[in-house]
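Visitor: Next come a sequence and a model predicted from it.
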Amino acid sequence: MGTRKPPLKPGSSAPVSGQYRERGPRGGEGREVTGIKGRALPPTTKRGSTYEIVDPTKNKSGKR
């Protein structure tokens, strides 16, 4: 069993910095974008798509 994070909607703030993959409404994969912690994720290419983190940034900035 994996611990899958809930999908993020476009315009919501990125919880961590890293690469986010666009996921279509029927599960198809789209482009990858770079998200910066605390900044809004960009619009998706198709209506109803969301983002999921695929590669978190491996640095110590933003850690508490």
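Guide: Sure thing, it's come through.
Visitor: Tell me which residues are up against stretch 13-30.
Guide: 7-8, 31-41, 44-57, 61-62 (Cβ atoms under 8 Å, 6 or more residues apart in numbering). C-beta here means a position set from N, CA and C on the backbone, and glycine is covered the same way.
Visitor: Swap in 6 Å and give it another go.
Guide: Contacts to stretch 13-30, defined as Cβ atoms under 6 Å, 6 or more residues apart in numbering, come from residues 31-33, 35-38, 40-41, 44-46, 48-57.
Visitor: in this protein, what spans have low per-residue confidence?
Guide: Scanning the chain for pLDDT under 70 picks out 1-3, 61-64.
Visitor: picking that back up, the contacts of stretch 13-30, buried ones only, as a PyMOL selection?
Guide: Buried residues among the contacts of stretch 13-30 (16 or more other Cβ atoms under 10 Å), as a PyMOL selection:
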select buried, resi 35+41+44+49+50+51+53+57
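Visitor: Just the ones in strands from the contacts of stretch 13-30, please.
Guide: Among the contacts of stretch 13-30, the members falling in strands (DSSP state E) are 31, 32, 33, 35, 50, 51, 52, 53, 54, 55, 56.
Visitor: nearest residue to residue 43 other than its sequence neighbours?
Guide: residue 10 (4.9 Å; Cβ to Cβ, 6 or more residues apart in numbering).
Visitor: what's the answer for residue 57, then?
Guide: In space, and not counting its chain neighbours, residue 57 is closest to residue 17: 4.2 Å by Cβ to Cβ, 6+ apart.
Visitor: count of residues packed around that neighbour?
Guide: 19 (other Cβ atoms under 10 Å).
Visitor: Against residue 28, how distant is it?
Guide: 25 Å (Cβ to Cβ, to the nearest Å).
Visitor: related to what we said a few turns ago, the residue nearest to residue 43 reaches residue 45, doesn't it?
Guide: No. In this structure residue 10 lies outside contact range of residue 45 using Cβ atoms under 6 Å: 9.9 Å.
Visitor: Need the overlap of contacts for those two.
Guide: Common neighbours of residue 10 and residue 45 (Cβ under 6 Å, 6+ apart) do not exist.
Visitor: Can you give me the end-to-end span of stretch 17-37?
Guide: End-to-end distance for stretch 17-37, by Cα to Cα, to the nearest Å: 5 Å.
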